[in-house]
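Visitor: the following block contains a protein sequence and its predicted model.
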Amino acid sequence: MKKYLIKKYLIISIVIIAIALVAMIFFFERNRKPVVGILFPIDSATAYSDRMAGALIAIKSLPDSVKFVDIDFKSSDLSTVISKSIKSGIRYFVTFLTSSQASELRNVLNGKDVILVDSQVTNPVVINEIKDFYTISPTDTIQASAIADYIHAKNYKNILIIKGDQNPIYENYLSSRIASDLHNYGINSVITDANQSLNATADCVVLVMSSNRVIEIMPQIRSRYGMIPVIGSDWTLDQTLLNSNLSNGMIVTCFADLANLSKSFKELLYKIKMFPDSPMLLAYNAVIVTFLLAENGVRADDAEKFLDSHAFFGSNGEFTFSNKSVSSKIYFYRISGESLTLLGSWR
Amino acid sequence: MTFKRFVIFLAVASVVFASIDLYFQFVNVRNELNEELTDVSTVFSQRIEGIIHLISIMKLPDNVTLPPGIKGVIEIDNEGNVVRSYGFNDYTKALYEFSVMSGSYISPLINLDGSPAITIASKTPSGIIAVEIDPRISIPDRNIYIVDQSGFGVNLSDGEWKTFISILAKNSNFIIEWPYLFIKDATYGNYTLVNQVRISSLIYRALIASLPSYVLIFVLFSLTGLLYLYLKKKDRPIEEFLNFLGEIKIFSKYEGKEDQKFVKNYNDLVNEWNKLSKGYASVIDEISQTNADLIKFNDLYAELPMIFERIDSEESFNDAIKIVARRILDLSKCVKGVGVKYGQKIFNIGTITSYDLQNNGTKFNLEIKTHSNTLGFVLDLDRFTTTDIFKELLISLLHHIGSVVSMHELREERNESARYDPLTELLTRQEFSNLVFREIEILKREQGQSAFVLIDIKDFREFNERYGHFEGDVLMKYISKVIKNSTRITDISCRWGEDSFAIYFANFRKTDMKAKEAEILGKIKEFKREVNIKIGVSYYPQDGETFEELMKMAEERSESENES
């Protein structure tokens, strides 16, 4: 009888413990927040401080319903780091990649139920190639049309397009696209590499490269062509360019209206002693979009439909998606000393 | 109290004590680390403030030898123009503007030739002086990072870069990001110091700190064991020791005295009795409930024949089925819905939907074969309150309903057979008269025309005598078949007399009648025996406007044909 009782109590105890365990697992699983991974390269560390500041301001302004985690990577390990993160259960990512870096992710992302929102990839081929990849920037096709229209409006006749060598997918596509659009207007253009000598006749130069390369090549341009107009693509514009006298007078394209910022955004920036720039504002928007995707538990298959059917409120006001990229205006700024003067916008 | 109980109490108390102690040690270790971080932060901020103070009062000479730790120095005038610069490469707009606005400026981290640097600027009477310094300070065995406001951090000891966006975004000073605990210090200037500690190492440190408590517990257990052995050796009853423990107030509630034991046994017996009483009461309740159910069932049994007796049309049959469904629903609260399916007809009430009737789901369902159809029931029974007895009574009732419906079907069938002649399967004369009478009324309103045909078998009695009555029946059946095949669905035909047939051709023109007459006669002549037939035809409205007039005319013509 006693043995029977002990056995009975033992079984009851085991059942109660099992129920408690299952309830706990169920409770934690149910309350587990979706996770968004923010990928930053640490090998070029401080060059990304503006994007990081944008991301940080966005996270601070968002509710606590989504968990953000920092994922550091070295540029050579990008694919491995993303693969590991996917295996650890992260389904949403915010990135700040170049088009060339993004193209390497084709095999890593395709076929997985993950969504990657980038703030600065612009190459339409790369964007379409990777199934669940979205960008906060307008595509290079749109930017090329904007630059060609600007040149046409200014009546420049001979254009020298100089492309860099750090982000070949972006640089090759955008420069050839600009040349093609200029050709449609009957404007002559020559594409050359940044490391080649500048021989072509030109009354306007277009630079498709990073800001560092701009600083390197500007002395050559000024010595060969004097003070002719120089137009830089979106990648050329960051704090490096603003802190250099060499870029004074240069015209740059930008995907954000830097003057049209909310008061709270400006106050937060003042607190951390930084000035706004385009990558920062786009990083902010990328985090906001990814947060909404994660909070709503949007699956990869439904992401495009979700993004196309919503309007988002970012650092620069409202924006919408179309064909996996943001449909926003292209702004033309002139670098005047250490500040930017808005010349106009193009859509 | 038994010794076993005492040991269990001791063990539980020890585990609770050890857990609480471990938690407090964990908090202590965490606070110690926080204090360490505050100390480092103080040293760091003093260093920065010292530099700011120094550069705010310094005036740069023409030639400067930079002291160790200072990577560059720059002097800017009040308009933002560089006056002097020694090894300083990162003069930014932010440096000038924020120094002018705030009096001093500390930059985010920069990566200068592979090592971290920060710029510290201060406003002086003549302009602004800024220096670039390496922020790292030597703190061995600590993973402390200096993090700028954009979220980039660099390890103070080894210079490793790391991002801290999610850590800075949180308001708490202690953040767990498995497997690390991040301890965050208040932000100074443009920086936050973050200590990254492995949670496992924290637990390890807490366990070490709790060691005295574990020793104490161990000693307590050992002493208990020794006391037990001592008492046993001295041949002194352990009860003596346990009695001593029993006197201690905290244990007394676990152990009852003899009189308390008696009361406990008595209480157990009372409880047992109460349980039995409750069981008895519930059985009585169940029986009463069953009786009440039986009364309701009997009422319905009595009512059923009355419900189905009143049926005189299809609509009233449908109403009868609806009433039955309603009555079943009213039998008990445990019946939540009733559905009845009869042929293609569906009736549902309560929680049963037409979907439940079309799909055999989880609901209780029963199909009963009636005389000429199938009667299906789907019932939603409450699984907690439906007793087995009720269910059995219900099944019996449903079968009874099936029987009542069968009886109704038989009655209908009987009524139907009265309309037809059993031999020829054509309408009887009475039914024919009723239908045709109605048709003539319609013809009058619509001003249509029609024909009446009377077919008579001549010398049928002789035919029967010659070939036998069985052959006579065969002939009657054959002619009825010919009539059925030669008439349209809208025409009406009947067995008019013992050896005659009548046909009413609706909307039939006189001109077409000759051909039809010939067709019928031709087919009858094909019978295996020789048959003599008389046919008389009358037309509405030419030959009369009433049924009687028209039939009379047809009879006369049939007779005259005979004469001719």
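Guide: It's in.
Visitor: CA atoms for contacts and neighbours, from now on please.
Guide: Fine.
Visitor: now for the closest residue to A:R91 other than its chain neighbours, how many residues are close by?
Guide: Once flanking residues are discounted, A:R91 sits nearest to A:V114: 4.4 Å by CA to CA, 6 or more residues apart in numbering or on different chains. Taking other CA atoms under 10 Å in any protein chain shown as the criterion, the count of residues near A:V114 is 21.
Visitor: likewise for B:L202?
Guide: 19.
Visitor: distance of it from B:V27?
Guide: 10 Å (CA to CA, to the nearest Å).
Visitor: where in chain A is pLDDT low?
Guide: Scanning chain A for pLDDT under 70 picks out A:1-5, A:45-46.
Visitor: skipping adjacent residues, who's closest to B:I368 in space?
Guide: B:L375 (5.1 Å).
Visitor: which elements pack onto the helix or strand hosting that neighbour?
Guide: Using DSSP states H and E, B:L375 maps to strand B:374-381. With contacts taken as 3 or more CA pairs under 8 Å, 6 or more residues apart in numbering or on different chains; DSSP states H and E, strand B:374-381 sits against strand B:335-342, strand B:364-369.
Visitor: can I get these in CSV including distance to B:N274, mean neighbour count and mean pLDDT?
Guide: Below are the helices and strands packed on strand B:374-381 laid out as CSV (distance: least, CA to CA, whole Å; neighbours: other CA atoms under 10 Å in any protein chain shown; pLDDT from 0 to 100):
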stretch, distance to B:N274, mean neighbour count, mean pLDDT
strand B:335-342, 32, 22, 90
strand B:364-369, 37, 15, 88
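Visitor: tell me which of the ones you listed sits nearest to B:E545.
Guide: strand B:335-342 (44.4 Å; CA to CA).
Visitor: direction included, what does the helix or strand following that closest one pair against?
Guide: Using DSSP H and E, the helix or strand that directly follows strand B:335-342 along the chain is strand B:345-350. Sheet pairing of strand B:345-350 (DSSP bridges) gives strand B:335-342 (antiparallel).
Visitor: which outside residues touch the partner strand?
Guide: B:321, B:325-326, B:328-329, B:346-354, B:357, B:373-382 (CA atoms under 8 Å, 6 or more residues apart in numbering or on different chains).
Visitor: and residue 48, what does it touch?
Guide: Assuming you mean chain A. A:40-41.
Visitor: correction: the question concerned chain B.
Guide: By CA under 8 Å, 6+ apart, the neighbours of B:I48 are B:I120.
Visitor: so which helix or strand takes in it?
Guide: helix B:3-57.
Visitor: who does the very next helix or strand once past that helix touch, helix- and strand-wise?
Guide: Sequence order places strand B:70-76 as the next helix or strand after helix B:3-57, per DSSP H and E. Judged by 3+ CA pairs under 8 Å, 6+ apart, the packing partners of strand B:70-76 are strand B:82-86, strand B:127-133.
Visitor: averaged pLDDT, the helix or strand hosting B:A554. What do you get?
Guide: Per DSSP H and E: B:A554 is located in helix B:547-563. Helix B:547-563 shows a mean pLDDT of 81.
Visitor: tell me which other helices or strands that helix touches.
Guide: Secondary elements touching helix B:547-563 (3+ CA pairs under 8 Å, 6+ apart): helix B:429-446, strand B:450-458, strand B:532-540.
Visitor: for these, give me JSON lines that also has distance to chain A.
Guide: Below are these laid out as JSON lines (distance: least, CA to the nearest CA, whole Å):
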{"stretch": "helix B:429-446", "distance to chain A": "65"}
{"stretch": "strand B:450-458", "distance to chain A": "71"}
{"stretch": "strand B:532-540", "distance to chain A": "75"}
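Visitor: out of those, which gets the lowest mean score?
Guide: Across those, helix B:429-446 gives the lowest mean pLDDT, at a mean of 86.
Visitor: okay, domains of chain B per the record?
Guide: B:3-133, B:285-417, B:429-563 (automatic domain parsing).
Visitor: mind putting the ones you listed into a markdown table with distance to B:L168?
Guide: Below are the domains of chain B laid out as a markdown table (distance: least, CA to CA, whole Å):
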| stretch | distance to B:L168 |
| --- | --- |
| domain B:3-133 | 14 |
| domain B:285-417 | 56 |
| domain B:429-563 | 91 |
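Visitor: for those domains, which one sits closest to B:T224?
Guide: domain B:3-133 (8.6 Å).
Visitor: not counting sequence-adjacent ones, nearest residue to whatever residue of chain B ends up closest to chain A?
Guide: Nearest residue of chain B to chain A (CA to the nearest CA) works out as B:S150 at 4.1 Å. Using CA to CA, 6+ apart and skipping residues adjacent in sequence, the residue nearest B:S150 is A:A53, 4.1 Å away.
Visitor: is that neighbour in a helix, a strand, or coil?
Guide: helix (DSSP: H, G, I helix; E, B strand; the rest coil).
Visitor: count the residues that sit near B:L54.
Guide: Counted with other CA under 10 Å, B:L54 comes out at 13.
Visitor: could I get the helices and strands packed on helix B:547-563 as CSV with mean neighbour count?
Guide: Formatted as CSV, the helices and strands packed on helix B:547-563 follow (neighbours: other CA atoms under 10 Å in any protein chain shown):
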stretch, mean neighbour count
helix B:429-446, 15
strand B:450-458, 22
strand B:532-540, 22
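Visitor: now render those as JSON lines, adding distance to B:P179.
Guide: Listed next are these as JSON lines, based on distance: least, CA to CA, whole Å:
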{"stretch": "helix B:429-446", "distance to B:P179": "95"}
{"stretch": "strand B:450-458", "distance to B:P179": "102"}
{"stretch": "strand B:532-540", "distance to B:P179": "106"}
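Visitor: so which of these is nearest B:V100?
Guide: helix B:429-446 (109.0 Å).
Visitor: how about the residues of the stretch 1-150 of chain A near chain B?
Guide: By the rule CA under 8 Å from any CA of the partner chain, the part of the stretch 1-150 of chain A lying against chain B is A:40, A:42, A:45-46, A:49-50, A:52-56, A:59-60, A:68-72.
Visitor: now, of the contacts of strand B:335-342, which are buried?
Guide: B:321, B:325-326, B:328-329, B:346-349, B:352-353, B:357, B:374-381 (16 or more other CA atoms under 10 Å in any protein chain shown).
Visitor: buried members of the residues of the stretch 1-150 of chain A next to chain B into PyMOL, please.
Guide: A single PyMOL command selects the buried members of these (16+ other CA under 10 Å):
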select buried, chain A and resi 40+42+45+46+49+50+52+53+54+55+56+59+68+69+70+71+72
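Visitor: so which of the residues of the stretch 1-150 of chain A next to chain B sit within strands?
Guide: A:40, A:68-72 (DSSP state E).
Visitor: out of those, who's nearest B:Y23?
Guide: Proximity of those to B:Y23 was ranked by CA to CA; the top entry is A:V69 with 27.2 Å.
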